[in-house]
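> quick one: sequence plus predicted model below, questions after.
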Amino acid sequence: MACSIHEVIKIHIRIELIGENEIRLPLHYNHIVQGFIYKTIDRNLAEFLHNTGYGEQRKFKLFCFSNLLGKSIIRDNYIIFGNRIQLEISSPDEKFCESFANTILKKTVYLGENLLEVGSIEIDRQDVMNNKVTIETLSSITAYSTLIRPNGSKYTCYFQPGEEDFNRIVAENLRKKYRAFTQLEPPVDEVQIKPLSQPRLHIVKYKGFIVKGYTGRLCLEGPRPLLQIAVDAGLGGKNSQGFGCVKIVK
């Protein structure tokens, strides 16, 4: 069923999780947060997103999440927070947002081995009002190409904001997400992405694989429906693995 991007409630869900003691997680925790999200939403929806996803050829999960927010220290390959953390989640899929928000109200959840209470839930509208918007990253944006060496082996080349290939890859990715979600052809005008601050490199391990991404503040200019997809579904690749979550600078 085709969906109009303008008919969807455009929100970010921000939750606060509270533990009795410090909250301890592996330094590279993206897969733990991803698993927590899949366990929180409706089982049938989780199975659809995990096993099928949106789109015909290229499949998309169409949700993303932020880094865990809170004061922390790093010790022995673990990140140790105080007893409070925040997490922000977004998706253009209204069913996803409703399922997560309704289920998380059960008050107690596990994040890794940490038993936590849901301290608060905030719903933040993230409407793109025109064809130009300033955003800041809540998790690093990854944009890459897989290339082949003369000997036939493959390697991954990552790009940073400000590079032509970064703009091309991220903009085309938005068009594919729009097509996958709405089953309509995306607007023809291009999306331009300009860094407003010096991009900061982050190296993250996801289930043993190295992923490079960048954080910072960006200006996006282009068709509103594509900019809205960026805010709702994330920028760049691997969004459902915890990359490319952004919010509008208001």
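Looks like it came in fine.
> quick check: longest strand of this protein.
strand 114-125 (DSSP state E).
> other SSEs contacting it?
strand 11-18, strand 23-26, strand 108-111 (3 or more C-beta pairs under 8 Å, 6 or more residues apart in numbering; DSSP states H and E). No exception for glycine: its C-beta is placed from N, CA and C like everyone else's.
> so for the protein, the centremost residue is which one?
residue 64 (2.6 Å; C-alpha atoms, centre = their mean).
> surely that residue is in contact with residue 139?
Yes. Assessed by C-beta atoms under 8 Å, residue 64 is found in contact with residue 139 at 7.3 Å.
> quick one: common contacting residues for these two?
Residues touching both residue 64 and residue 139 (C-beta atoms under 8 Å, 6 or more residues apart in numbering): 242-245.
> so after the helix or strand hosting residue 89, what's the next helix or strand?
Per DSSP states H and E: residue 89 is located in strand 84-90. Following strand 84-90 in sequence order, the next helix or strand is helix 94-103 (DSSP H and E).
> can you give me the buried ones in that following helix?
96-101 (16 or more other C-beta atoms under 10 Å).
> then stretch 144-160?
Taking 16+ other C-beta under 10 Å as the criterion, stretch 144-160 shows 144, 158-160 as buried.
> repeat for stretch 120-140
For stretch 120-140, by 16+ other C-beta under 10 Å, it's 126, 128, 133, 135, 137-140.
> now these as a markdown table including distance to residue 120 and secondary structure?
Below are these laid out as a markdown table (distance: C-beta to C-beta, whole Å; DSSP: H, G, I helix; E, B strand; the rest coil):
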| residue | distance to residue 120 | secondary structure |
| --- | --- | --- |
| 126 | 18 | coil |
| 128 | 26 | coil |
| 133 | 27 | strand |
| 135 | 24 | strand |
| 137 | 23 | strand |
| 138 | 17 | coil |
| 139 | 21 | coil |
| 140 | 26 | coil |
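> checking the residue lying farthest from the centre of the chain next. Helix, strand or coil?
In the chain, counting by C-alpha atoms, centre = their mean, residue 151 sits farthest out from the average C-alpha position, at 34.9 Å. Following DSSP: H, G, I helix; E, B strand; the rest coil, residue 151 is assigned to coil.
> got phi/psi on it?
Backbone torsions of residue 151, given as degrees, to the nearest 10, read phi -80, psi 0.
> before we move on, the earlier item: which residues pair with the residue nearest to the centre of the chain across the strands?
When bridges are called by DSSP bridges, residue 64 pairs up with residue 90.
> and it, how far is that from residue 81?
21 Å (C-beta to C-beta, to the nearest Å).
> kindly report the same for residue 28.
With C-beta to C-beta as the criterion, residue 28 and residue 81 are 15 Å apart.
> so where's the longest helix in the protein?
Secondary structure of the chain read by DSSP state H shows that its longest helix is helix 164-182.
> now, which of the shared contacts of residue 64 and residue 139 lie within strands?
Using DSSP E, none of these sit in strands.
> looking at those residues, which is nearest residue 121?
Nearest to residue 121 among the shared contacts of residue 64 and residue 139 is residue 245, at 17.1 Å by C-beta to C-beta.
> burial measure for that closest one, as a count.
25 (other C-beta atoms under 10 Å).
> before we move on, what SS does residue 161 have?
With three-state DSSP as the criterion, residue 161 reads coil.
> contacts only, for it.
By C-beta under 8 Å, 6+ apart, the neighbours of residue 161 are 141, 193-195, 199, 214, 216, 218.
> can you check residue 113 too?
So residue 113 contacts residue 24 (C-beta under 8 Å, 6+ apart).
> and residue 194, how many neighbours?
Based on other C-beta under 10 Å, the number of other residues close to residue 194 is 13.
> which residues does it form beta bridges with?
Under the criterion used (DSSP bridges), residue 194 bridges to residue 219.
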